[in-house]
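Novice: A structural model of the following input is requested.
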Amino acid sequence: MSVIIRPGGPDDVPAVGAVHSAARRAGYARILPPDALAAMDPDAMRAYWAERLPREAGTHQLLLAERDGAPVGFCYVGPGGDGRGLLCAIHVVPPAHGTGVARLLMAAALDALRSRGHDAFELWVLDGNDRAIAFYGKCGWKPDGTRRTGMLGDVETTQVRYTYA
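Specialist: The predicted model follows:
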């Protein structure tokens, strides 16, 4: 079973919405209340990406991971603060956890950001998202002490910034 990483586009919105929903529901199950998780259904995530992709088409890039033609993950990159490249999102469906898909996506994301002229990078992760935090640490990302709050649906969350150089 080989995994390919390819550029994504508007035709991939349904797949990205499904992957995003499955990954968030699994990853945030211990962080968010059930009603907030339920609101992250595939249709809601599809609508989110249908609006976001065209709006950011000139500044961001979507990369889709497929195994045997089926979408199993994606990442989304763009400009960050202080000239850094931003890893906006990286999500993998739970059945693909631990298979190397996330590492392939991470490498592709960093390559995409480098090709856009960035040599330092940042990402934001929900405080308490232990699986993601462990993954980022294994990939060389480090928290820089910056925190922010924001809304995820109707829930106020705290995010921690990680950097990579």
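
Novice: For stretch 74-87, which outside residues touch it?
Specialist: 8, 12, 15-16, 19-20, 56, 59-65, 88-91, 105-106, 108-109, 112-114, 116, 118, 120-123, 163 (CB atoms under 8 Å, 6 or more residues apart in numbering). Placement of C-beta: from N, CA and C, glycine included.

Novice: Of these, which belong to helices?
Specialist: Ala15, Val16, Val19, His20, Leu105, Met106, Ala108, Ala109, Ala112, Leu113, Arg114 (DSSP state H).

Novice: Ranking by neighbours, what's the top pick from those residues?
Specialist: Val16 (27 neighbours; other CB atoms under 10 Å).

Novice: For the ones in helices among the contacts of stretch 74-87, give me TSV that also has distance to Cys75 and pLDDT.
Specialist: Shown next, in TSV, are the ones in helices among the contacts of stretch 74-87 (distance: CB to CB, whole Å; pLDDT from 0 to 100):
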residue	distance to Cys75	pLDDT
Ala15	13	98
Val16	10	98
Val19	11	98
His20	11	98
Leu105	5	98
Met106	7	98
Ala108	7	98
Ala109	4	98
Ala112	8	98
Leu113	10	98
Arg114	14	98
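
Novice: Distance from the chain centre to the worst-scoring helix or strand of the chain on mean pLDDT, please.
Specialist: Lowest mean confidence among the helices and strands of the chain (mean pLDDT, DSSP states H and E): helix 34-38, at a mean of 95. Here helix 34-38 is found 19 Å from its chain centre; the criterion is CA atoms, centre = their mean, to the nearest Å.
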